[in-house]
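Colleague: Need the 3D shape of this:
(2 chains)
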Amino acid sequence: AQKVTQAQTEISVVEKEDVTLDCVYETRDTTYYLFWYKQPPSGELVFLIRRNSFDEQNEISGRYSWNFQKSTSSFNFTITASQVVDSAVYFCALSEAFSGGYNKLIFGAGTRLAVHP
Amino acid sequence: NAGVTQTPKFRVLKTGQSMTLLCAQDMNHEYMYWYRQDPGMGLRLIHYSVGEGTTAKGEVPDGYNVSRLKKQNFLLGLESAAPSQTSVYFCASSLGEASTDTQYFGPGTRLTVL
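Modeller: Numbering: from 1, shown residues only, chains lettered A, B, ... in the order given. The predicted model follows:
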């Protein structure tokens, strides 16, 4: 069965520290997509990145970077020089084929990141 | 371009009452979804729709009904609310099918059933 595990329930760091959020997934599909979403204290879900299973290149976007390792079924997210505005719950998600071939997102339980001044 | 909007943002119901949550998107997306978010459980799919006039069950459909009479709107109904339905409800939409398309989420509706 498909599954997404975010083992870190809560992480607390001081501003300017680097922090890595772990995501491990299980799937039997050969084609799949991985996502990260951010949920700030205001509650909305903000899309951060989508990665397909055929593209293992790491990606960097400003202070954010993602490390996709198919060999270990991991899709980790690193924030460099963290800021207070990075405080949020971060969700990793996996898309799989659902009945009829429609998209279904499997979410991890989320990691709450608190960045202190 | 408002993206995905949800109405209302907050609601308190008594057990047995009914209500409808409205989701609207202005991105001309074919696919729409309703999720619920509970502490420590991530998001779980309630129902989804792959186009106007179609709906289908997700992981946790019991106690909910949905309708998609117009492409831009997706309604979630609770006919007889129960305390177990206390949750935050998110609507999402995606352009097309499956794994290739990103789902974009609305701001959520916080529902409390007393």
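
Colleague: alpha carbons only for contacts and neighbour counts from here, please
Modeller: Will do.

Colleague: Name the nearest residue to the residue positioned nearest the centre of chain B, sequence neighbours excluded.
Modeller: In chain B, the C-alpha closest to the average C-alpha coordinate belongs to B:Trp34, at a distance of 2.7 Å (CA atoms, centre = their mean). Nearest non-adjacent residue to B:Trp34, counting by CA to CA, 6 or more residues apart in numbering or on different chains: B:Cys91, 4.6 Å away.

Colleague: circling back to that earlier point, and the residue nearest to the centre of chain B, helix, strand or coil?
Modeller: Three-state call for B:Trp34 (DSSP: H, G, I helix; E, B strand; the rest coil): strand.

Colleague: That one is in contact with B:Tyr89, isn't it?
Modeller: Yes: the pair B:Trp34 / B:Tyr89 is scored as a contact, 7.1 Å apart, by CA atoms under 8 Å.

Colleague: most residues in a single strand of chain A, which one?
Modeller: Longest among the strand segments of chain A by residue count, using DSSP state E, is strand A:88-97.

Colleague: Against which helices or strands is that strand packed?
Modeller: On a contact count with 3 or more CA pairs under 8 Å, 6 or more residues apart in numbering or on different chains; DSSP states H and E, strand A:88-97 meets strand A:3-5, strand A:33-39, strand A:103-107, strand A:111-116.

Colleague: Any idea which of these has the lowest pLDDT on average?
Modeller: If you rank the helices and strands packed on strand A:88-97 by mean pLDDT, strand A:103-107 sits at the bottom with a mean of 81.

Colleague: name the helices or strands packed onto it?
Modeller: strand A:3-5, strand A:88-97, strand B:43-49.

Colleague: who does that strand pair up with?
Modeller: Paired strands of strand A:103-107, with direction, are strand A:88-97 (antiparallel) (DSSP bridges).

Colleague: Can you list the low-confidence ranges for chain B?
Modeller: Along chain B, segments meeting pLDDT under 70 span B:1, B:97-100.

Colleague: ok, now chain A?
Modeller: Per-residue confidence for chain A (pLDDT under 70) gives these ranges: A:1, A:97-103.

Colleague: Spit out the contact partners of A:Leu45.
Modeller: A:Leu45 makes contact with A:37-39, B:105-107 under the criterion CA atoms under 8 Å, 6 or more residues apart in numbering or on different chains.
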